[in-house]
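Chemist: mind folding the following:
(chains A and B)
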Amino acid sequence: MTRPDREPENRERENRERENRERESDDRYDAQRVEMKWSERWQKDSQLYAAERDSARKKYYVLEMLPYPSGALHMGHVRNYSIGDALARYMWMNGYNVLHPMGWDSFGLPAENAAIQNQTPPRQWTLGNIAKMKAQMKRLGFAYDWSREVTTCLPDYYRWNQWFFLKLFEKGLAYRKKSKVNWCPQCATVLANEQVLSNGCCWRHEDTLVEQRELEQWFLRITNYADELLRDLDTLGGWPEKVRTMQRNWIGRSEGTLIDFKLDYAENHKGFGPAGSSISVFTTRVDTIYGATSVQLAPEHPMVADLASANPDLRAKVDQLIAEQRKAKEAGDIGEIEKHGVFTGRYAINPFNHERIPVWVANYILMDYGTGAIMSVPAHDDRDYEFARKYNLEIRLVILPISNDPEETMTEPVLPFTAHDGMLINSGPYSGMDSADAIKTMSRFAEQNGFGKATVTFRLKDWGISRQRYWGTPIPMLYCEKDGIVPVPETDLPVILPENIEITLAGGSPLGHVPEFVNTTCPKCGGRARRETDTMDTFVDSSWYFYRYTDAHNDRAPFDSKVVQYWFPIDQYIGGVEHAILHLIYSRFWTKFMRDVGLVSNDEPVERLFTQGMVIKDGAKMSKSLGNVVSPDEMVARYGADAARLYSLFAAPPDRDLDWQDSGIEGIQRFLGKVHRFFKNNPISDITERQRPLPAQLNPSARSLQRKLHQTIKRVTDDFQGRWHFNTCISAIMELLNEANRRMLGSEDTSNPNTGERVKGDEIPPGLLAEVEHTLVLLLAPFAPYLAHELWEMIGETGNLLKAPWPHYDAALAKEEELEIPVQINGKLRGRILVPADASETFVLETALADEKVKSAIAGKTIVKTICVPGKLLNIVVK
RNA sequence: GCGAAAGUGGCGGAAUUGGCAGACGCACCAGACUUAGGAUCUGGCGGGUAAAACCGUGGGGGUUCGAGUCCCCCCUUUCGCACCA
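Modeler: Numbering: from 1, shown residues only, chains lettered A, B, ... in the order given. Below you'll find the model as predicted:
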């Protein structure tokens, strides 16, 4: 099979024979056959992708968000995992000890729905789906360390959810309270605020309105960490700014002052709460309090209910306001609600100036922010201004703009004047102070006199984790008639989720209908006790699963802290931006809690976060109703796993949306076939020939190929390490192949390329050809692992490609010897000249001036100036 | 309304720091090979022209020898947030 130094007749005969062989068996690359072959080999080696324990090498933890086992992967998954897999393979080739695990976020409502629909128990349905999707992942060739697989619905995982819950309870971070909760009638369960869409609908049922109900619920005190969660966002330099901003908004920190307005009892009204009670308001602008001309309550403020109970007329009006507010919330345009209000007939006392001001109820005041009550300062707040104009409330100016020009200081501003850098007037002893000083001074005064204090309010609410559903982690709590709320002792964990139970979507928690589960004994008194029948929100499962990967089979603890310390933080986390808030804020909270109880030493779980774009088709998100769903199985069957993966990386940069086009993946399939054909047509087998030839030994054609080779290594490496633009990595590899094909087919022989007379190939020494092919395989390995492995074998390599070192480029070999320099006259392209790469400026200019096109372009004009950018261009300015 | 990202051929997209706009791929056109071509190979492919000139990166201005890239104004799209007191 060695090529050179054959007698011509021999070579011709050989070529003819090869031609015939090719024609008989289809010439095309049989991706299915090759991929199945490697897939089988890879299955046999369970240690292939295993992360090393006690490794001396530098670690790299690359993680893709774990999927919900719905039953089938979609293209978004394929894209997500193709990015992660390329990175994992690249890091292996760069010598890192890589942790690349996968698991299943396998609790949740769809399993219950499926149970009802198909009469299949949730566990069976879920595990069946996992098996299917795992097979898909293996077929796609993703390099996961399956020995660390985490399945959140199995007791060996969820027992640690329960264990964490006990720890949280012990630290006072888990508590029970009755509260208004979001209730989705479709899910028949409570939703976290995060799970209610902005249009007031359920995140799972986008056309089902969420209702409000009063229920006893378990909450986690995430608000204890609100400040730190906000502050540490600044340390997450490897996160997209967009995600950090979203989290900042979500946490919604706001500094201000709480002020109590005492109710005026001079008139001794009944039904206005106990005597002496007051309305607490939150304001960021206590400096404007002398301009407060009313107090406004949210329609659902408890005090309003008291008031209205004695006043049917008011009751009716308040109900109207509640209805308006709810409607606006449901429609998702609470911001555009038409402001309405009603005077309660009562008054409150401004503690600063002891003025008596009316108490109103207004539909734009939200019960779930601040205290559900505000002081209304029409002169200095847009909303208050609008409201006051509408209802003819007094508008009193108390802040003036400060101007650098003393003449202007006292001009009256256009109302409402809301700037923060004003000066107080009409404000008693505070008149003349600037706003910032006044806020401090007045807050202190309020605190000293016991009617208020400086405070910080967050939009972030405590995390309600109770779900009235079956398919989740049982909350390990008991209710004893004598001892009240009693935690399940740690030694009794796990509280096993019973099987074979009837599931309905009505009638509260399904576990409540299982007496064997519910009825138990109190560990304190031995008396009768009931188990908690609610299960945990599935976001609990995903808040710490990535720690479990590091030590997945530990049955004494959720993980070994030492092992975690080696692997954490996660070096690169990859997933959809739709998890920017919920999952990522909960996991950050969980990490901080674990740190505080001494389990981990890192403050944050994720060093670098990457949010990929969506996969769309025909300009729209894939959905069954639009009928534009592309199935990974079908793509793999038609084009192969490599093609599906490569296309999902090639079609767009990974952070942008990807518009799926079937003709595009066909192009990728052709490319893979072309690569394979190149190796088949240009075999290298004699190991001794594999020596990098010196540039001086090469003819221009070979030297040019060698240069392209090293330029390509540089481009692929740079784009991988820097911008993560896999599309340009792949196009660089395509260019290299095109160049190699051109050189091997021979430029003088293009008229008859298919006769087998690839004589020009002789210009390329075997050593260079070997280097080209060797490098091509390495460059391709992270993106198209199947083909890469096949080619690796074809060129006679026996080592493990997965750990083969990533190629290095030689800057000297990559360097151009001659450059084509564009010549501009007055900024317009007028010619090109060929100069040595190290040509001096003078030489470039002289060469340019000798060029015919340039000559004619500047004929009769005077050269005013020349700009020469070395290696880039020459611009001659003439007049 | 606020914030962020984006707008480049028929399409997906290149152009990383202000330096040849359109790499790579798709689609299309022509040719070669062929019993055949949904295989493969070669060539062409922003508009315009006989060829040039010239015109071209959402629109308008500006800075510069030189602008897709920087500055100002405007338009459109996508995403996020939104009476947050």
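
Chemist: any stretches of the stretch 601-750 of chain A with poor pLDDT?
Modeler: Within the stretch 601-750 of chain A, the stretches with pLDDT under 70 are A:685-690, A:745-750.

Chemist: helix, strand or coil for the residue in it that RNA strand B sits nearest to?
Modeler: RNA strand B sits closest to A:G667 of the stretch 601-750 of chain A, with a gap of 2.4 Å, by Cβ to the nearest atom of the strand. The C-beta positions use only the backbone N, C-alpha and C, and glycine is treated the same way. Here A:G667 is helix, with the state taken from DSSP: H, G, I helix; E, B strand; the rest coil.

Chemist: also A:I259?
Modeler: strand.

Chemist: residues contacting the residue lying closest to it once chain neighbours are set aside?
Modeler: Once flanking residues are discounted, A:I259 sits nearest to A:G452: 4.1 Å by Cβ to Cβ, 6 or more residues apart in numbering. A:G452 makes contact with A:257-260, A:286, A:351, A:443, A:446 under the criterion Cβ atoms under 8 Å, 6 or more residues apart in numbering.

Chemist: report how many residues lie close to the residue of the stretch 601-750 of chain A closest to RNA strand B.
Modeler: 14 (other Cβ atoms under 10 Å).

Chemist: hang on, the earlier thing: in CSV: the contacts of A:G452, plus distance to A:H77 and pLDDT.
Modeler: Output for the contacts of A:G452, formatted as CSV (distance: Cβ to Cβ, whole Å; pLDDT from 0 to 100):
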residue, distance to A:H77, pLDDT
A:T257, 49, 94
A:L258, 48, 94
A:I259, 52, 95
A:D260, 54, 95
A:V286, 52, 94
A:P351, 59, 95
A:S443, 52, 95
A:A446, 55, 95
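
Chemist: hmm, A:I485 is touching A:C522, no?
Modeler: No - at 10.6 Å, A:I485 does not count as touching A:C522 under the criterion of Cβ atoms under 8 Å.

Chemist: more neighbours: these two, which one.
Modeler: Taking other Cβ under 10 Å, A:I485 and A:C522 do not tie; A:C522 has more neighbours (18 against 12).

Chemist: pretty sure that one contacts A:D492?
Modeler: No - the pair A:C522 / A:D492 is not scored as a contact, 11.9 Å apart, by Cβ under 8 Å.

Chemist: for whichever residue of the stretch 401-550 of chain A sits closest to RNA strand B, grab phi and psi.
Modeler: Closest contact between the stretch 401-550 of chain A and RNA strand B, by Cβ to the nearest atom of the strand, is at A:R459 (4.0 Å). Backbone geometry at A:R459, expressed as degrees, to the nearest 10, gives phi -80, psi -30.

Chemist: so who does the closest residue to it other than its chain neighbours touch?
Modeler: Excluding the flanking residues, the one nearest A:R459 by Cβ to Cβ, 6+ apart is A:G252, at 2.6 Å. The contact partners of A:G252, by Cβ under 8 Å, 6+ apart, come to A:458-460.

Chemist: got it, and A:G871?
Modeler: A:819, A:821, A:837.

Chemist: from the stretch 151-300 of chain A, which residue is nearest to RNA strand B?
Modeler: A:T283 (3.4 Å).

Chemist: near RNA strand B, which residues of the stretch 701-850 of chain A?
Modeler: A:715, A:718-719, A:722-723, A:725, A:727-728, A:730-731, A:734-735, A:738, A:741-742, A:745, A:750, A:753-754, A:820, A:822, A:824, A:826-829, A:832 (Cβ under 7 Å from any atom of the strand).

Chemist: can we see that at 6 Å?
Modeler: Residues of the stretch 701-850 of chain A found near RNA strand B (Cβ under 6 Å from any atom of the strand) are A:715, A:718-719, A:722, A:725, A:727-728, A:731, A:734-735, A:738, A:741, A:745, A:750, A:753-754, A:820, A:822, A:824, A:826-829.

Chemist: for the stretch 151-300 of chain A, same thing?
Modeler: A:198, A:242, A:245-246, A:249, A:252, A:254, A:256, A:282-285, A:298.

Chemist: and the residue of the stretch 601-750 of chain A closest to RNA strand B, how close does it get to A:I616?
Modeler: Distance, A:G667 to A:I616, by Cβ to Cβ, to the nearest Å: 19 Å.

Chemist: now swap in A:G664 and tell me
Modeler: Relative to A:I616, A:G664 is positioned 13 Å away (Cβ to Cβ).

Chemist: tally of neighbours for A:L829?
Modeler: For A:L829, the count of nearby residues is 12 (other Cβ under 10 Å).

Chemist: equivalent analysis for A:P494, please.
Modeler: Around A:P494 there are 19 residues (other Cβ under 10 Å).

Chemist: please report how far it lies from A:Q669.
Modeler: A:P494 sits 49 Å away from A:Q669, going by Cβ to Cβ.

Chemist: for A:V716, same thing?
Modeler: According to Cβ to Cβ, A:V716 and A:Q669 sit 21 Å apart.

Chemist: okay, the two: which has more neighbours?
Modeler: Per other Cβ under 10 Å, whichever of A:V716 and A:Q669 has more neighbours is A:V716, with 28 against 21.

Chemist: out of the residues of the stretch 151-300 of chain A next to RNA strand B, which is nearest to A:T775?
Modeler: Closest approach between those and A:T775, by Cβ to Cβ: A:K242, at 37.0 Å.

Chemist: for that closest one, report the pLDDT, please.
Modeler: Looking at A:K242, its pLDDT stands at 88.

Chemist: remind me which helix or strand it belongs to.
Modeler: Per DSSP states H and E: A:K242 is located in helix A:241-251.

Chemist: hmm, who's touching that helix?
Modeler: Outside helix A:241-251, the residues that reach it (Cβ under 8 Å, 6+ apart) are A:226, A:229-230, A:233, A:236, A:458-460, A:577, A:580-581, A:584-585, A:609, A:611.

Chemist: go on, stretch A:418-430?
Modeler: Outside of stretch A:418-430, the residues within contact range by Cβ under 8 Å, 6+ apart are A:285, A:287, A:289-291, A:352-353, A:380-382, A:396-402, A:409, A:431-436, A:438, A:441-442.
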